[in-house]
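K.L.:
Sharing a model that was predicted from the sequence below.
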Amino acid sequence: MNKKLFDMTEKTVIITGAAGLLGQQYAAGLSQHGANVILADTDYSKCKQISKQLNEEFDVKSFPIKVDISNPKSVKNLTNQTIKKYSKIDVLINNAAYQGNNKIRSTKFVDLPLSIWNKSISVNLTGMFLCCQEIGKVMEKQKNGVIINISSTYGIVSPDQRIYGKSGQNAGIFYSVTKSGVLNLTRYLASYWNNTGIRVNTLSPGGVEKGQDSTFVKKYSEKTMLGRMAKKDDYVGAILFLASDASSYMTGSNLVIDGGWTAW
């Protein structure tokens, strides 16, 4: 067996939404295996702080870049800055997403403002489209690259409205619809880039425990086969698998890691 299957040494990895809870976990996991991570987010100061920690802890060359993925010029700047610094882009992880705050997530479908729907489309789908388009051009020239699009169990099945109550954890319709769109974006691009050296896959994670209402956590946990919500680092192994040569025969697929939520 090739012992370097999971080796990411000197690989250049762009993570959008890198300042978020899971984005930080992905960045640390990949850095631990030698990757140089570009921390891309609207929150530049947070990315700058994370970058400093990663470079000191793992002796890598991570780099923070401020980006608005819904803005074509901003995405081009992200791509150009990365190429200028690293000369290549090995992996793109489309992790950034708009979910809305508790108030928005609790808004009834019939009362949801069009502006929220449009914002979700612009970030969760258009933003991912723009990143794939710009960075895909680089990967075409390289004749290799890996793209990982982050979806959700709620891109596969509908949120169970019975478990939410007034928890504010409801997944809005805009989130479910856009995450469902991610699945076929992946399939289309994998087909489009067939036999080019570019692989495109989806990761669909389940809910992560992060101090939510205890009643909600209990109800959610009861719907999983493992009897709990995910821990914040439960998806790092999956990301490493998809980003590395360990998944070299995998494209156009959706890796579901949800504690068994969708398997009942």
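P.N.:
That came through fine. As the structure is a prediction and not an experimental result, all values here were calculated from the model. Numbers count the residues shown, from 1 in each chain.

K.L.:
Report the separation between Ala97 and Leu22.
P.N.:
For Ala97, the distance to Leu22 equals 10 Å [C-beta to C-beta, to the nearest Å]. C-beta coordinates here come from the backbone N, C-alpha and C atoms, glycine included.

K.L.:
overlap in contacts of those two?
P.N.:
Here Ala97 and Leu22 share the contacting residues Ile150, scored by C-beta atoms under 8 Å, 6 or more residues apart in numbering.

K.L.:
Phi, psi for Ile65 please.
P.N.:
Here the main-chain torsion angles of Ile65 (degrees, to the nearest 10) amount to phi -140, psi 130.

K.L.:
try the one 5 residues further on
P.N.:
Dihedral angles phi and psi of Ser70 (degrees, to the nearest 10) take the values phi -80, psi 0.

K.L.:
Measure how buried it is and give me the count.
P.N.:
21 (other C-beta atoms under 10 Å).

K.L.:
check which helix or strand covers the closest residue in space to Ile15 that isn't next to it in sequence.
P.N.:
Leaving aside its sequence neighbours, Ile15 sits nearest to Ile93 (C-beta to C-beta, 6 or more residues apart in numbering; 4.6 Å). Assigned by DSSP states H and E, Ile93 falls within strand 91-94.

K.L.:
and that strand, which residues are buried?
P.N.:
Val91, Leu92, Ile93, Asn94 (16 or more other C-beta atoms under 10 Å).

K.L.:
Columns pLDDT and distance to Lys66 on top of those residues, output as JSON lines?
P.N.:
Formatted as JSON lines, these follow (pLDDT from 0 to 100; distance: C-beta to C-beta, whole Å):
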{"residue": "Val91", "pLDDT": "98", "distance to Lys66": "20"}
{"residue": "Leu92", "pLDDT": "99", "distance to Lys66": "17"}
{"residue": "Ile93", "pLDDT": "99", "distance to Lys66": "17"}
{"residue": "Asn94", "pLDDT": "98", "distance to Lys66": "17"}
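
K.L.:
tell me which of the residues you listed is nearest to Gly260?
P.N.:
Set against Gly260, the nearest of the buried residues of strand 91-94 by C-beta to C-beta is Ile93 (24.3 Å).

K.L.:
Can you name the residues bridging to the closest one?
P.N.:
Ile15, Ile148 (DSSP bridges).

K.L.:
which ones are touching it?
P.N.:
Contacts here follow C-beta under 8 Å, 6+ apart; on that basis Ile93 touches Val13, Ile14, Ile15, Thr16, Tyr26, Ile148, Ile150, Ile239, Ala243.

K.L.:
how far away is it from Tyr220?
P.N.:
For Ile93, the distance to Tyr220 equals 25 Å [C-beta to C-beta].

K.L.:
What's the local residue count around Gly20?
P.N.:
18.

K.L.:
That one contacts Asp41, correct?
P.N.:
Yes - Gly20 is in contact with Asp41 according to C-beta atoms under 8 Å; the separation is 7.4 Å.

K.L.:
okay, and the common contacts of those two?
P.N.:
Ala96.

K.L.:
State the next helix or strand along the chain beyond the helix or strand containing Pro64.
P.N.:
Under the criterion of DSSP H and E, Pro64 resides in strand 63-66. The helix or strand immediately downstream of strand 63-66 is helix 72-86, counting by DSSP H and E.
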